[in-house]
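Trainee: What follows is a predicted protein model with its sequence.
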Number of protein chains: 2
Amino acid sequence: MSLRQMEYFVTVVEADSFTRAAELLHVTQPALSHQIKALERHVGGPLLERLPRGVRLTPMGRAFLPHAEVAVRSAAQADRAARAAAGAQEGELHVAAVHAVAAGLLPRVVARWRRERPGMELVLHEYGRDEELDDAMERGVADLAVGHGGAGAAARTVLGEEEVVVVLPPGDRLAGGPVRLADLAGRDWIRCAMEPVVEGRPFIDLACARAGFTPRTAVRTEHTSTAVAMAAAGAGIAAVPSYAVPEAVPTTPLTPPWRRPLHTWSRTPFTGPAAALLPYLTAALP
Amino acid sequence: MSLRQMEYFVTVVEADSFTRAAELLHVTQPALSHQIKALERHVGGPLLERLPRGVRLTPMGRAFLPHAEVAVRSAAQADRAARAAAGAQEGELHVAAVHAVAAGLLPRVVARWRRERPGMELVLHEYGRDEELDDAMERGVADLAVGHGGAGAAARTVLGEEEVVVVLPPGDRLAGGPVRLADLAGRDWIRCAMEPVVEGRPFIDLACARAGFTPRTAVRTEHTSTAVAMAAAGAGIAAVPSYAVPEAVPTTPLTPPWRRPLHTWSRTPFTGPAAALLPYLTAALP
DNA sequence: CCGTCCCATAAACATTCTGCATGGACAGGG
DNA sequence: CCCTGTCCATGCAGAATGTTTATGGGACGG
C-alpha cells in the first residue's frame, strides 16, 4: 500500500469521478484505475462502487477514507515542514481559519507577509464554523490555524483579544455610544452559525441570559460577513468581532466591553514559516 | 515522496541505526540507505546526521519527523479499518492505555475477546501517563484508547466509573472499614506519576486540600502497580483505582466514595472490531 | 596498525507504474 | 431501435523505481 494509492483514492472520492480525479492528479485515467484496483486488492475488497454517474463509498471505503486523508495530509505537511526548516524562502504555508477571520483579519497579514517574503506562498483554508476548523486541523489540512478552538493541540498560543461589537440598523438611536447588552433586549438578532458554543449553549444566548433576557432570532446566517451585511441593511442587530465589520459600517461598542481571546494552534510545535507568521498575526490584532 | 520512505525514516530514528532499522524492516541496509537518501534529495537537505555511533536528527529531520509519524501510523490504521469493515474475523486491533489500565482492567477483556474472537489479534500500546497516551493517540498509534483523556477526540464514550481505593500498610488500624480522606492526614503518601492533573494540580493534592490537609509524599513511582506494591509492603499509603490492586492485597474504600469516569476514545468513529470491543470493556468495569 | 562496526556506492536484476490503445457498460437523443 | 457520448476496465510495452549482492571508506578501539 502506497501513499500514492491513498492520494488517488482520496481524490477520486473528492472529485466523485475517476476521470476528473485523473485530471486533477495529472495522470491518465487507466493509471488511476489501476492504482485504485491495486489498493482494493491490497485491503481485500472494494472501496467504492462505480456508478453510472459518479462513485459511492462502500462501508470499507467509509472506514478507510478518514485515515487515508490524515495520512495524505500529514505527508504533505511533513514535506512542507522539512523544506521550511531548511530555511527555504520559497514554499507554501497552509493557514486555516473560519471565514470571518480569514476575511477580516488575514488580509493585512497576508499583504505584509507577501511584501516581506515573496516566494513563500500562503494557502488559505476557510471554514464556516469553529468546529469544522477544528476537525480539519485534526485531519492535518494546514500547518497553522487561527481561531477560537485548538483545545488539546500540541502547540497553542494566544494572539490577542478580539472585541465583540454591535452592528445596529442605520440611524438607530443607540448608535455610537457604548450600549449595555441589556439595552438590546427586545431587538431582532441576526445570528451566525459560527457562534462558538460555551457551556453547551451558543455564546450569545448565554451572554444575553446573563444580561437578563432571551434574544429573539430574526435570521440565521452561515457567514459572519452576511450577518454584518444584514445588520447594516437594517434587518436587525448583530454582535460580531470588530474585525469582521468593514470600515464603512459604523459599529457600537458594548459596555462593559466584551472580549474573547483569539488563538493560533498547530498539531506540532511552531517552526519555520509557521513561527515566523505569529508576530504578523499578533500585530494585526488591535 | 513515498510512504515507504517515511516509514524507513521513522524506523531509523527509532532504531537509532541504519543497520538495525534494516533488520526491523526486513530489507537490506543498502536499500534503506538508498531510500533515505532519496527522501533527503526530495525534501532538499539532510534529515539526519550519521554519527559513528547512531544517528542524530537535523533541524529538518526534527521538523519532518512528527508529521511523518502521523502519516505512517494513519496509513496503518486505514489498512486495519478497511480490513475490519470487510467483516474480516482476522486482523489486528490496536488498543492504547496507561499501564495501570492495561494491567488491571484489560486482562479480563483480552481473555474473553481471544476466546470469542480467535484470529483477531489485540496489540497493546502501554504508556506511563495519561498525557503520553493522549499524545500517542493523536499520532495515531492505536485504533482505540482506554483511559481518562481523549478530550476533543472524534469519538468518545464513557465506559463506566472506576473507584479510587486506598491501600494501607498491612495491619493498619484503619484497614477494612471505609475511611475519610481527612483520616489520612499526616500519613506518608506514595505518589504516582500517572496521577491525572485537575485544575492544574495533581489529583491527590487537590482532593487532600479539599479534605483540609497537604499530603506528605514518601515516594514517587512511575507505575501504579509499583505504588500498590510499595503500599502493600508498608512503605506508606496509596490511593489508586480499584482495578490496579491485585486480589491478594486488601483495599480500603473511601467515604464518601471517590469515583471518576473511565473513557474510551478514537480519532475516528468506532467501527468494526473497535466498536465490538466496547461492550467487553463496559462489562469489565465493576 | 589492524580488526570491527557502520554506512555509502555501484551495477545487475526484479518489480512496479505509466501511457497508449482498446473494449464493454450505460444513458440520452434522434 | 440504433447511435453516440461518457465513463471505467483491461492488455501490453516501455519507463521508472526499488532491491539485492558485492565492495569501499571512515571512525573507533585494542
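Mentor: Structure's in. What do you need?

Trainee: How about the residues of the stretch 1-150 of chain A by DNA strand D?
Mentor: Residues of the stretch 1-150 of chain A lying near DNA strand D by C-beta under 7 Å from any atom of the strand: A:17-20, A:29-30, A:33-34, A:36-37, A:50, A:53-55. Yep, even glycine has a C-beta here, placed from its N, CA and C like the rest.

Trainee: possible to save the residues you listed as a markdown table with secondary structure, distance to A:Glu126 and pLDDT?
Mentor: A markdown table is the format used below for these (DSSP: H, G, I helix; E, B strand; the rest coil; distance: C-beta to C-beta, whole Å; pLDDT from 0 to 100):
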| residue | secondary structure | distance to A:Glu126 | pLDDT |
| --- | --- | --- | --- |
| A:Ser17 | coil | 24 | 89 |
| A:Phe18 | helix | 28 | 90 |
| A:Thr19 | helix | 28 | 90 |
| A:Arg20 | helix | 23 | 90 |
| A:Gln29 | helix | 31 | 89 |
| A:Pro30 | helix | 35 | 91 |
| A:Ser33 | helix | 33 | 91 |
| A:His34 | helix | 35 | 92 |
| A:Ile36 | helix | 30 | 92 |
| A:Lys37 | helix | 35 | 92 |
| A:Arg50 | strand | 32 | 87 |
| A:Arg53 | coil | 29 | 82 |
| A:Gly54 | coil | 25 | 84 |
| A:Val55 | strand | 26 | 88 |
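
Trainee: I'd like the distance between the residue in the stretch 51-200 of chain A positioned nearest to DNA strand C and A:Glu23.
Mentor: Taking C-beta to the nearest atom of the strand, DNA strand C has its nearest neighbour within the stretch 51-200 of chain A at A:Pro52, 4.0 Å off. The gap separating A:Pro52 from A:Glu23 is 20 Å, by C-beta to C-beta, to the nearest Å.

Trainee: Between the two, which has more neighbouring residues?
Mentor: Remark: of A:Pro52 and A:Glu23, A:Glu23 carries more neighbours, 15 against 4, as counted by other C-beta atoms under 10 Å in any protein chain shown.

Trainee: ok, and for the helix or strand containing that one, which residues are buried?
Mentor: Element membership of A:Glu23 [criterion: DSSP states H and E] is helix A:18-25. Within helix A:18-25, the residues that count as buried by 16 or more other C-beta atoms under 10 Å in any protein chain shown are A:18, A:21-22, A:25.

Trainee: near chain B too, which of those residues?
Mentor: Of the residues in the buried residues of helix A:18-25, proximity to chain B by C-beta under 8 Å from any C-beta of the partner chain holds for none.

Trainee: And stretch A:145-162, end to end?
Mentor: 16 Å (C-alpha to C-alpha, to the nearest Å).

Trainee: how much distance is there from that stretch to the middle of the chain?
Mentor: In terms of C-alpha atoms, centre = their mean, to the nearest Å, the centre of stretch A:145-162 is found 12 Å from the chain centre.

Trainee: Can you point out the buried residues in that stretch?
Mentor: Quick answer for stretch A:145-162 (16+ other C-beta under 10 Å): A:145-150, A:152-153, A:155, A:159, A:162.

Trainee: which among the residues of the stretch 1-150 of chain A next to DNA strand D gets closest to B:Val101?
Mentor: A:Ile36 (39.7 Å; C-beta to C-beta).

Trainee: Please identify which residue in the stretch 1-150 of chain A comes closest to DNA strand C.
Mentor: For the stretch 1-150 of chain A, C-beta to the nearest atom of the strand, closest residue to DNA strand C: A:Pro30, 3.3 Å.

Trainee: Mind telling me the two of the buried residues of stretch A:145-162 farthest from one another?
Mentor: The widest separation within the buried residues of stretch A:145-162 (C-beta to C-beta) is 21.3 Å, between A:Gly152 and A:Glu162.

Trainee: ok, which stretches of chain A are helices?
Mentor: A:3-15, A:18-25, A:29-43, A:59-85, A:99-104, A:106-116, A:130-138, A:203-210, A:224-232, A:272-284 (DSSP state H).

Trainee: what residues does the first one touch?
Mentor: By C-beta atoms under 8 Å, 6 or more residues apart in numbering or on different chains, the surrounding residues in contact with helix A:3-15 are A:18, A:21, A:24-25, A:32, A:35-36, A:38-39, A:42, A:47-48, A:55, A:57, A:61, A:64-65, A:68-69, A:71-72, A:75, B:1-3, B:6, B:71, B:75, B:78.

Trainee: And the helices of chain A: which comes nearest A:Thr252?
Mentor: That would be helix A:224-232 among those, by C-beta to C-beta, at 10.5 Å.

Trainee: So which elements touch the closest one?
Mentor: helix A:99-104, strand A:155-167, strand A:188-192, strand A:216-221, strand A:238-241 (3 or more C-beta pairs under 8 Å, 6 or more residues apart in numbering or on different chains; DSSP states H and E).

Trainee: Now do the second one, average pLDDT.
Mentor: It refers to strand A:155-167. For strand A:155-167, mean pLDDT is 90.
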